[in-house]
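# need a structure here:
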Amino acid sequence: MSDEVIVENEGGVRIITLNRPDRLNALVGSIMAPLADACADAARDASVGCVVVTGAGRGFCAGGDLKAGDADKSVTVANTESGSRTEQGYARLRAFMETPRLLHEMGKPTIAMVNGPVAGAGIGIAGACDLRFAGRSASFLTAFDRIGGGGDFGSTWFWTRIVGTGVARELFLMGEKLTAEEAFARGLYTRLFDDAQLRDETLKAAHRLADGPRMGYRYMKQNLNNAEDWAFEAALDAETLNMTLSTQATAMIWREANRNKG
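A predicted model of the protein is given here:
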């Protein structure tokens, strides 16, 4: 794992920290690839019951590091095997964007611990998580209008579903920076804490989730994800199946636990 992504285990909680504090954890290739790998590992590790993503220092993630310039770009030459430079650039960015997909789709709760400014691709990472706990020094900025970009890391998809199309369009098109209090009031952040309390309160919630009914949360999250796109009747069918599977799995786990205690 890269030094720019720190992975810690605290009981059943996996903490993934973006570690470029001097650049407000802005994204470059050397952090995006191991970040996607860290999320993939957390998704498949059965010992992990909850995943927390945060940033080192005074920021969560400032988006893509534009100052890195060409130094961060892989050498790409058009060829018959890999295609044009544009095709190769697309494939590279799409691989990095496995991070928000995994955070959103993995069968365990995910929490963004927003410890400071978040912008650009960082709002995609935060939006991919099930919950967003923020400190009062946090802020929120889409920032894509400032670089003439359309949005990435799932940002337009997540925020349309989190706050609705009207608010999302205002956030992206107007590009106004929100304080933590303003973002919390508009439903962008789930909970707001004093900076000194943010980590303790986030991990308290993370441990509660990790120690809870994991199979229940797995199917609950599947139902919630289905609800974003599925027709109502199809969602009812899935709820019926998932309710049956989750309650049976949870009952079996509890029986085993009680038998082992005896």
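
# Can you name the next helix or strand after the helix or strand bottoming out on mean pLDDT in the chain?
Taking mean pLDDT, DSSP states H and E as the measure, helix 85-96 is the helix or strand of the chain with the lowest mean score, a mean of 86. The helix or strand immediately downstream of helix 85-96 is helix 98-105, counting by DSSP states H and E.

# Sheet-wise, list the partners of whichever helix or strand comes after that next one with their directions.
Proceeding N to C from helix 98-105, the next assigned helix or strand is strand 110-114, under DSSP H and E. According to DSSP bridges, strand 110-114 forms sheet pairs with strand 50-55 (parallel), strand 131-135 (parallel).

# how many degrees apart are strand 110-114 and helix 98-105 in direction?
120 degrees (axes from the mean of the first three to the mean of the last three CA atoms, to 10 degrees).

# For the stretch 151-262 of the chain, give me the ranges with low pLDDT.
Across the stretch 151-262 of the chain, residues meeting the criterion (pLDDT under 70) sit at 262.

# would you turn the strands paired with strand 110-114 into a markdown table with distance to residue 117?
The way it works is simple: take the backbone N, C-alpha and C, and place the C-beta from them, glycine included. A markdown table is the format used below for the strands paired with strand 110-114 (distance: least, CB to CB, whole Å):
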| stretch | distance to residue 117 |
| --- | --- |
| strand 50-55 | 9 |
| strand 131-135 | 11 |
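
# Present those as JSON lines; the columns should include distance to residue 249, mean pLDDT and mean neighbour count.
Listed next are the strands paired with strand 110-114 as JSON lines, based on distance: least, CB to CB, whole Å; pLDDT from 0 to 100; neighbours: other CB atoms under 10 Å:
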{"stretch": "strand 50-55", "distance to residue 249": "18", "mean pLDDT": "98", "mean neighbour count": "26"}
{"stretch": "strand 131-135", "distance to residue 249": "23", "mean pLDDT": "98", "mean neighbour count": "25"}
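
# sorry, back to before: tell me which residues in the least confident helix or strand of the chain are buried?
The neighbour-count check on helix 85-96 (16 or more other CB atoms under 10 Å) flags 88, 92, 96 as buried.

# Now do the buried residues in whichever helix or strand residue 257 is part of.
Assigned by DSSP H and E, residue 257 belongs to helix 232-261. Buried residues in helix 232-261, counted by 16+ other CB under 10 Å: 238-239, 242, 246, 249-250.
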